[in-house]
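In: Here's my sequence, what's the structure:
(chains A and B)
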Amino acid sequence: MAVNAISADESGKNPGRQVGRLEKDSKMNRVLVGLLGLFCSAAALLAQSDVPILSSALAFQGTTSGGVNSFQPITVPVLVAPLGDHWLFESRGEVQGFIARQDGTSGPYTGQFFYSIDYLQVDYLVNSHVTVTAGRFLTPFNIYNERFPLWIANLEGTPIIFTIGTRTSASSNGGMARGVVVARPKYTVNYTAYFSALTAPGNFQSGRAAGGRAGLFLPEAGLEVGASYQRFLQSTDYNAAGAYFTWQPPPIPLDVRAEYAHSPGGQGYWLEGAMRLAKSRDTNTWLSRLQTVARVQQYFKGSPGPEDLLPGTDVNQFDFGLNYYLPHNVRLNGSYGRQFSSAGNVNIWNFEITYRFLFPAWPGGHQ
Amino acid sequence: MRTLIITLLGIVVLACSLKVLALPQAPVGKQKMPKAATNKNVGGNEGEQKFRENCGRCHNPPDSLSPREVKAVLQHMRVRAMLSAEDEQLILKYLAP
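Out: Here you go, the predicted model:
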């Protein structure tokens, strides 16, 4: 996610209160991480022959936005280590380069590299209904942040409303409970509830917040709807709310996804449709590997602060894209978008190649 | 903070290594399982249906997944995709019969 660029400055109206919280949360984070490590060590010793896996996505993105070219090599390593039947350690990092001309459209190309930890968490799978997570995890507001990493997202660009409900870094440091309330053949109800502590800017930055999400999934129709809520408890307290919708009708390879989000900084929605050129989801031909994508977005400005990372004007945007899924988990993506706003209309061209792989972390051969 | 976390991660990896090295290793060799999408064994059909309903919403069946990797992948996805324990077991039977 493009959260590396998120401002580190969370200056608020009450700096004394914030410094106090920061110190308190910093201590809490140290205790939390310490306990996490001790627990992992102990659990690992008791673990059975569960083989951890290492996986990664390698991507190269090229973007031309308003005539400004940029290139981004990205790698997203993931480590997953089961510790018996109930415990799981998961971590995902991100190393991202940003190469662009020094003065935007002129001058030599220069590059910078950023890295961040998206999640570093321990999960205790209590039962079907509850999984308890401690550590650093992706903030579960709506679905884009959790479900659409770059190797799954149909379009390269993140939605305009992405930062609503995911401040300050799209990750949270604290605790989370999630699971399935009820699972029936015809419907499933899922939930997530979490709290996060304020952590200073850096690779483990997070905001003080609490929130939750609930969803209803109808498997036979391939339909899911849900809603999210977050109370941001840092600097100026405020609410963010959202709703999402996904639909994959089983007979045809169509994916429809949408999100709406609202905060004092602004509100908006995106609606995306993606269709593979095939009669059914089972078809596997050279043509069925081609996917057409279209997305429309509207954003309505509220009272955004600089830390909200939201546009300062109303924005409308549409994107069209083509994805081609090559064998061996390689995907090509190209898209064109047009953004309309009072700050100026711009064309946005994107190109991306993504490769995803996975292998066992321990010796024994990749079987 | 960063040093602390790296140290703790090192301890975890070391502890896991010691434990795993002490256990009998799975035989090495060509054990690539058949493509999940073609698996029609008993219990696999229901697992395939669960795979389509849940996992297939975001991605295709993997080209190949060794039995050694399946458990970690499924536990990971159980948390990510909020699968029920029952669905996890059915998909496990489908992917690694």
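
In: Can you list the buried residues in the helix or strand hosting residue A:217?
Out: Element membership for residue A:217, per DSSP states H and E: strand A:209-218. By 16 or more other Cβ atoms under 10 Å in any protein chain shown, the buried positions in strand A:209-218 come out as A:209, A:211-213, A:215, A:217. Quick note: C-beta positions are derived from backbone N, CA and C, even for glycine.

In: immediately after that strand, which helix or strand?
Out: Once the chain leaves strand A:209-218, the next helix or strand it forms, by DSSP H and E, is strand A:223-232.

In: show me where pLDDT drops low in chain B?
Out: Along chain B, the model assigns pLDDT under 70 to residues B:1-44.

In: Number of residues surrounding the nearest residue to residue A:329 once chain neighbours are set aside?
Out: Spatially, and ignoring its direct neighbours in sequence, residue A:329 is nearest to residue A:356 (4.3 Å; Cβ to Cβ, 6 or more residues apart in numbering or on different chains). Residue A:356 has 21 neighbouring residues, counting by other Cβ atoms under 10 Å in any protein chain shown.

In: give me phi/psi at residue A:356?
Out: When read as degrees, to the nearest 10, the backbone of residue A:356 gives phi -120, psi 130.

In: got the contact list for it?
Out: Contact partners of residue A:356, counting by Cβ atoms under 8 Å, 6 or more residues apart in numbering or on different chains, are A:55-58, A:151, A:329.

In: Kindly report the same for residue A:96.
Out: Contact analysis of residue A:96 by Cβ under 8 Å, 6+ apart lists A:4, A:72-74, A:113-116.

In: Which members of those residues are classed as buried?
Out: A:4, A:72, A:74, A:114, A:116.

In: Of all pairs in those, which one spans the longest distance?
Out: Pairwise distances across those (Cβ to Cβ) peak at 13.8 Å, for the pair A:72 and A:116.

In: need the contact list for the closest residue to chain B within the stretch 201-350 of chain A.
Out: The minimum distance from the stretch 201-350 of chain A to chain B, using Cβ to the nearest Cβ, falls at residue A:219 (4.2 Å). The contact partners of residue A:219, by Cβ under 8 Å, 6+ apart, come to A:185-188, B:53-54.

In: for the buried ones among the contacts of residue A:96, which one is nearest residue A:304?
Out: Taking Cβ to Cβ as the measure, residue A:304 sits nearest to residue A:4 out of the buried ones among the contacts of residue A:96, at 19.8 Å.

In: quick revisit: list the helices and strands the strand holding residue A:217 packs on?
Out: Counting contacts by 3 or more Cβ pairs under 8 Å, 6 or more residues apart in numbering or on different chains; DSSP states H and E, strand A:209-218 packs against strand A:188-196, strand A:223-232.

In: Much appreciated, bye for now.
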